[in-house]
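1. Mind looking at a prediction? Sequence and model below.
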Amino acid sequence: MSILFDPSTSVFHLSNDRVSYIFRLAGGKYPMHVHWGRRVRKVTDRMIERRTIWTEETFSLNETAFDFLPMECPTFAGDLREGMIHVIHENGMSALLLEYESHRIMTGKPALGALPSARGEGAESLLLTLRDKVSGVAVELCYTIYSDVDVIARSARIINGGKTAVTVDKALSACVDFEGYDFNLTTLSGAWTRERQMYTRPLVPGDQGTSSTRGASSVQTSPFMMLARKDATEERGEVYGFALCYSGGFEASVHVDQHFISRAQIGIQPFNFSWQLQPGEDFQTPEAYLCYSCEGMGGMSRSFHALVHNHITTGKFAHSTRPILCNNWEATYFDFNEEKLLSLALCAKEADIDLFVLDDGWFGHRNGDNSSLGDWFDDLNKLPKGLRHLSDEIHALGLKFGLWIEPEMISVDSELYRAHPDWCIHVPGYPRIEYRNQLVLDLSRDEVRDHIVDVIIAALDRGNVDYVKWDMNRFINMWGSASLPAQRQQELGHRYILGVYDMMRRITQAFPDVLFESCAGGGGRFDLGMMCFMPQGWCTDDTDAWMRCKIQHSTSFVFPPSTMGAHVSAVPNHQTGRSTPLATRAAVAMSGTYGYEFDLTNLPAEEIAEIRKLNKRVRQLQPLLFYGDYYRLVSPYEGNEAAWMTVSGDKREAVVTHVCAQAVPNMKDKLMRLAGLDPNLTYRDEDTGMTYGGDELMYYGIIIKKPWGDYMSQQFYLKAID
Ligand code: GLA
């Protein structure tokens, strides 16, 4: 891995064993993209001239030059396409003509101030400073290359080095101009209980992409896009993935221009965003991860998964297995008392579960979703002896105890709202429109954050908790803060997210031994920003096994199973009314952080016995399922089946899961080819004792028995025997 600068050609070449990212200072000043893809040993003149056209001698700004060129950091100056950064000067006019000033190459990578970002073990970073000579505004582009993952991390810092204030009203994190538009674009869109459904279409000249204006990464869209060559498949061909380490509104776009250059950009949502910079102040963009794979979409995912495990997740649980949990939400909703919870916990213990989680409804007087958010004191009607007593009783059963919180929100019917009606995000004179009967706290304000951090820490202390589910159940619009001056109101969206990160940092650091799971009305903020604080997130409120196959399939583009909260729930399923076998619900949930979310008190003894058996299997397989290499085998978006597998790093163990949705009459057994194994090893199916060659499994296939009944699954646990 290295970052090289050749002063004779002004070329920067970032490379590891597999990938090159190359750009050049055209005219000695303007960074132009040359190549991002498979590693090349040497950057030739041909490569440079093809993409950056002008030599030092002939470069001229007066040729609308930038409008035809692949820019590393376009700023709407000489380039008439969508730019990455836009700045308005004190006189209301806008121009930013960035020229090379200096660069620095460092081991590791810099931290990004208050923003979460990937760590830099085994990495090298280039910090390239560009400056606008007229205003003094500078942009520092940061590029990090890793030795262990094929990801380039990019971000930008805008520094007001001038004498007057400027307003930044667009600040994306990365831009890559690809030659041609021979790509399929995949983005993830959905809704509550239908998060991250994958949609693929060919690029066309003009604009396309995905974005969120909801103040969060959202259930409707995801801060991710993938450009795949038209011939790319799961395991072959070139794929470029873009993901953002940010939990607020975002934009990921591709503009195919008049000469068919495809400009891919990703960063903070520019709508309703601006940031004032006084002289000497700076603005840091979130970090974007640009992943290149020549081994198809699977290769991209395995790189992203390694990025998450090696550089993003942190804390005691980041690299370990997780407790098997039982959550009371779908068992009781708001209708519980201590007695009911304890009888559920007792059954959880009998079913060999590790952790009992008390979900929404334990505080204030919350008997529905219309009150008490903000009042983080125990509801003594439901828990007459308080949270600590319940927690002690649960611990006495030999279970760990977990608790649900939603610290970012406030109910109008709450003591907190009555005391501080201006603490919510609102615009004076306009109705405070509620969503799920709640308003959002203005977390840009120090006093609001300080209060919430104090009461939440007190509640978690009181509950003596081992696990926390941090929820967030509504998105934001009608932005207004009672404490920001007029010219800074458009900073609120980003300040809100910085406030969330600040609270998460303080609360998670106060409880280093506690496992935290993020949640947002299901998977409404399932992003890399969250993963920097919490190693797992509730993937979706949809616990239906077949819908889960689809959601987990596309979530796995970026996120490994160790991050995906997944539970076995009751049948008929509460979201779809569908009934699926317990074994299938478990096989699917096992490819995530495993738990149960249904009334165990009503289960027949045989089913409790079955759950005990399943838990044993989960404990055995979880290290492999979490930290092995992930291969998607059959896409549930293409038909009636889904299959995926995980292979250990040394290729000596693998778990393969296959699910068939509807049984069809007169079906035959079928062959399914596996991936990622060692062709020269012999594998034994640990359940049946059958043995197979690795080559046989990958090049011929394994037999999938025709299903008898709907939503049947088959799982193979293979171990090398030679
Ligand atoms: C959200 C979560 C659920 C549950 C409810 C409680 O919808 O995603 O899992 O915690 O809130 O209100």
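-> Thanks, I have it.
2. switch to C-alpha atoms for all contacts and neighbour counts from now on
-> OK.
3. which is the next helix or strand following the strand or helix carrying Gly37?
-> Using DSSP states H and E, Gly37 falls within strand 30-38. Beyond strand 30-38 on the C-terminal side, the first helix or strand identified by DSSP H and E is helix 45-52.
4. Which residue is the nearest non-sequential neighbour of the residue nearest in space to the middle of the chain?
-> Nearest to the geometric centre of the chain sits Asp527, at 2.3 Å (CA atoms, centre = their mean). Counting by CA to CA, 6 or more residues apart in numbering, Asp527 lies nearest to Ser247, which is 6.2 Å off, once chain neighbours are set aside.
5. returning to what we had before: the residue nearest to the centre of the chain contacts Phe250, correct?
-> No. Using CA atoms under 8 Å, Asp527 makes no contact with Phe250, being 11.2 Å away.
6. list the residues that contact both of these two?
-> Residues touching both Asp527 and Phe250 by CA atoms under 8 Å, 6 or more residues apart in numbering: 217, 223.
7. What are the boundaries of the helices in the stretch 501-650 of the chain?
-> 528-531, 545-555, 582-589, 605-627 (DSSP state H, counting those that start in this stretch).
8. Equivalent analysis for the chain, please.
-> Applying DSSP state H to the chain gives helices spanning 45-52, 296-307, 329-332, 338-350, 386-396, 415-419, 446-463, 492-510, 528-531, 545-555, 582-589, 605-627, 694-695.
9. now what about the fifth one, what contacts it?
-> Defining contact as CA under 8 Å, 6+ apart, one finds that helix 386-396 is touched by 338, 342, 345, 356, 378-380, 383, 400-401, 462-465.
10. Touching, Gly709 and Met667? I think so.
-> No. The pair Gly709 / Met667 is not scored as a contact, 11.5 Å apart, by CA under 8 Å.
11. So for these two, which sits in the more crowded spot?
-> Set Gly709 next to Met667 and count neighbours by other CA atoms under 10 Å: Gly709 wins out with 14 against 11.
12. State the distance from the residue in the stretch 301-450 of the chain that the ligand sits nearest to to Lys349.
-> Distances between the stretch 301-450 of the chain and the ligand by CA to the nearest ligand atom are smallest at Asp360, namely 4.7 Å. From Asp360 over to Lys349 the distance is 21 Å, taken as CA to CA, to the nearest Å.
13. can you check His311 too?
-> On the measure of CA to CA, His311 and Lys349 end up 35 Å apart.
14. Same check on Ser173?
-> Counting by CA to CA, the gap from Ser173 to Lys349 is 48 Å.
15. So between these two, which is more surrounded?
-> Neighbour count, other CA under 10 Å: between Ser173 and Lys349, Ser173 has more, with 26 against 19.
16. where's Met534 relative to the ligand, distance?
-> Remark: distance between Met534 and the ligand (CA to the nearest ligand atom, to the nearest Å) = 16 Å.
17. how many other residues sit next to that residue?
-> 26.
18. go on, Glu606?
-> By the criterion of other CA under 10 Å, Glu606 has 9 neighbours.
19. Quick check, pLDDT for it.
-> On pLDDT, Glu606 comes in at 95.
20. mind showing which ranges of the stretch 401-550 of the chain have poor pLDDT?
-> Within the stretch 401-550 of the chain, not a single segment meets pLDDT under 70.
21. got the residues of it near the ligand?
-> Contact residues, the stretch 401-550 of the chain versus the ligand (CA under 6 Å from any ligand atom): 519-522, 541.
22. Need the helices of the chain in JSON lines (columns: distance to Gly639).
-> Listed next are these as JSON lines, based on distance: least, CA to CA, whole Å:
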{"stretch": "helix 45-52", "distance to Gly639": "42"}
{"stretch": "helix 296-307", "distance to Gly639": "19"}
{"stretch": "helix 329-332", "distance to Gly639": "30"}
{"stretch": "helix 338-350", "distance to Gly639": "36"}
{"stretch": "helix 386-396", "distance to Gly639": "44"}
{"stretch": "helix 415-419", "distance to Gly639": "50"}
{"stretch": "helix 446-463", "distance to Gly639": "45"}
{"stretch": "helix 492-510", "distance to Gly639": "39"}
{"stretch": "helix 528-531", "distance to Gly639": "30"}
{"stretch": "helix 545-555", "distance to Gly639": "11"}
{"stretch": "helix 582-589", "distance to Gly639": "17"}
{"stretch": "helix 605-627", "distance to Gly639": "24"}
{"stretch": "helix 694-695", "distance to Gly639": "27"}
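23. Could you pull up the residues touching the closest residue to Ser343 other than its chain neighbours?
-> Of all residues not flanking Ser343 in the chain, Thr601 sits nearest, at 7.1 Å (CA to CA, 6+ apart). Shown in contact with Thr601 (CA under 8 Å, 6+ apart): 343-344, 347.
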